[in-house]
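**Q** for reference, the sequence and a predicted model appear below.
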Amino acid sequence: MPSIMARQIDTVFVVDEDRCFGCAACVGLCPVDALSLEGLLVFVDESSCTHCEHCIPACPVHALSLSVEKTNPVHGVLA
């Protein structure tokens, strides 16, 4: 059984829809079944994804990645 890493804070799993062609090479590698194939595109259940990155190197077209989530800074708050 592959090891499962802790989820990365402020990070989201990204599927590049322009690159993904639905080969599903990544789907079978997901230890928590967070990836699914819908038509010719892979979708991720972000709430299930552990960000283990097992799938990322398996993608032949480099359509999968983790990205730092942009947060909105709070303005006008005094400490």
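**A** Perfect, thanks for sending it.
**Q** centroid residue for this structure?
**A** Geometric centre of the chain, nearest residue: Phe13, 2.3 Å, by C-alpha atoms, centre = their mean.
**Q** any weak-confidence spans in the chain?
**A** Counting by pLDDT under 70, the chain has low-confidence residues at 1-7, 70-79.
**Q** can you give me the strands for it?
**A** Using DSSP state E, the strands assigned to the chain run over residues 11-15, 35-38, 41-44, 64-68.
**Q** could those be laid out in JSON lines, adding distance to Ala58?
**A** (Glycine included, C-beta is placed from N, CA and C.) Formatted as JSON lines, the strands of the chain follow (distance: least, C-beta to C-beta, whole Å):
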{"stretch": "strand 11-15", "distance to Ala58": "13"}
{"stretch": "strand 35-38", "distance to Ala58": "10"}
{"stretch": "strand 41-44", "distance to Ala58": "11"}
{"stretch": "strand 64-68", "distance to Ala58": "8"}
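**Q** out of these, which gets nearest to Leu29?
**A** Distance to Leu29, taken as C-beta to C-beta, is lowest for strand 35-38 among the strands of the chain, at 8.2 Å.
**Q** what are the buried residues along the closest one?
**A** Neighbour counts over strand 35-38 (16 or more other C-beta atoms under 10 Å) mark Leu35 as buried.
**Q** got the CA positions of that strand in PDB?
**A** C-alpha atoms of strand 35-38 as PDB (Å, rounded to 0.1, in the frame of the first residue of the first chain):
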ATOM      1  CA  LEU A  35      -9.800  11.100  -9.300                       C
ATOM      2  CA  SER A  36     -12.400  10.100 -11.800                       C
ATOM      3  CA  LEU A  37     -12.800  10.200 -15.500                       C
ATOM      4  CA  GLU A  38     -15.800  12.000 -16.900                       C
END
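**Q** what are the pairing partners of it, and which direction each?
**A** In the sheet, strand 35-38 lines up against strand 41-44 (antiparallel) (DSSP bridges).
**Q** burial check on the residue lying closest to Asp45 once chain neighbours are set aside, number of neighbours?
**A** Take Asp45 and drop its neighbours on the chain: the residue closest to it by C-beta to C-beta, 6 or more residues apart in numbering is Ala34, 4.7 Å away. Residues near Ala34, counting by other C-beta atoms under 10 Å, number 19.
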